[in-house]
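Q: what's the 3D shape of this:
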Amino acid sequence: MQSNNKEAQILLAIEAIRNDKKLSIRKVAKLYNISYTTLICRMNGLTPRMEFRPKSHNLTDLEEEVLIQYILDMDERGFSPRISDVEDMTNYILETQGVKKVGKLWAHRFVKRYTELKTRFNRVYDFQRALCKDSELIERWFRLVSNMRAKYVVAKADRCGRSKAIQPGNREWATAIICVGGEGHNIPPFLIVKGEYHLSNWYTEGDLPYD
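A: Residues are numbered from 1 along each chain as shown. This is a model prediction of the structure:
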């Protein structure tokens, strides 16, 4: 963030002046692109703005930035904190400094103040489905598949299927009409094939029976 970069420049300028007493404060301020007045005030012990705690805020700017980063980090890991968790984290920070706890609605207002934070409802997840995502169970299944492949020497061709044979022409659909009576009487089957012309050798020169 820009405020962090500015604070870093101020600290570097103060460190440079402390290391070399002959340096001009005005020249150092110009060199590090910071305000001369700001540098003078900071050298005289003025509290940095990021560490200043306004009366209307419970946390300093720096503490709020750290809290936001922690929330985003937890969300990336799949453990999004709840509003109550944000409130507990804030109270823990304040407790270490001897400051009173935040109110019940502070965490809600805190989330609304920052666009990178949003609240969402948690979806109920079936317990049996959650068990199926156990990494040990999944790893055990893939280990079993690997052992079976090694045992029966499963090659790539076996997994992808047999190679296709080359033949003249292409396959076409044919419809067969067959009728058998209840007493066992039947009529010759009737075949319907696709074609633009009728050729008698379809049924006179083939392997089909005459009737």
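Q: all strands for the chain, in order.
A: Using DSSP state E, the strands of the chain run over 174-177, 190-193.
Q: of all those, which lies closest to Gln9?
A: Closest to Gln9 of the strands of the chain, according to Cβ to Cβ: strand 174-177, at 84.7 Å. C-betas here are computed from N, CA, C, even on glycine.
Q: okay, now the domains of the protein?
A: Recorded structural domains for the chain (assignment: automatic domain parsing) are 2-46, 50-126, 127-156.
Q: could I get those domains as TSV with mean neighbour count and distance to Ile192?
A: Output for the domains of the chain, formatted as TSV (neighbours: other Cβ atoms under 10 Å; distance: least, Cβ to Cβ, whole Å):
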stretch	mean neighbour count	distance to Ile192
domain 2-46	13	80
domain 50-126	13	51
domain 127-156	9	41
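Q: before we move on, back to that, got a markdown table for the strands of the chain, with mean pLDDT too?
A: As requested, these are exported to a markdown table (pLDDT from 0 to 100):
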| stretch | mean pLDDT |
| --- | --- |
| strand 174-177 | 85 |
| strand 190-193 | 79 |
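Q: so which of those strands is the most packed in?
A: Stretch with highest mean neighbour count among the strands of the chain: strand 190-193 (a mean of 12; mean count of other Cβ atoms under 10 Å).
Q: could I get that strand in PDB with only the CA atoms?
A: Extracted in PDB, the C-alpha atoms of strand 190-193 (Å, rounded to 0.1, in the frame of the first residue of the first chain):
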ATOM      1  CA  PHE A 190     -38.000 -58.400 -44.400                       C
ATOM      2  CA  LEU A 191     -34.900 -56.200 -44.500                       C
ATOM      3  CA  ILE A 192     -34.800 -52.500 -45.100                       C
ATOM      4  CA  VAL A 193     -31.500 -51.000 -46.100                       C
END
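Q: and that strand, what does it pack onto?
A: Here strand 190-193 touches strand 174-177, going by 3 or more Cβ pairs under 8 Å, 6 or more residues apart in numbering; DSSP states H and E.
Q: from Gln69, how far off is the most centrally placed residue in the chain?
A: In the chain, the centroid-proximal residue (Cα atoms, centre = their mean) is Glu76; its distance is 7.7 Å. Note on Glu76: its distance to Gln69, by Cβ to Cβ, to the nearest Å, is 11 Å.
Q: just put the domains of the chain in JSON lines and tack on distance to Asn201 and mean pLDDT.
A: Output for these, formatted as JSON lines (distance: least, Cβ to Cβ, whole Å; pLDDT from 0 to 100):
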{"stretch": "domain 2-46", "distance to Asn201": "88", "mean pLDDT": "81"}
{"stretch": "domain 50-126", "distance to Asn201": "64", "mean pLDDT": "82"}
{"stretch": "domain 127-156", "distance to Asn201": "43", "mean pLDDT": "76"}
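Q: what's the closest of the ones you listed to His198?
A: Short answer: domain 127-156, nearest of the domains of the chain by Cβ to Cβ, at 46.6 Å.
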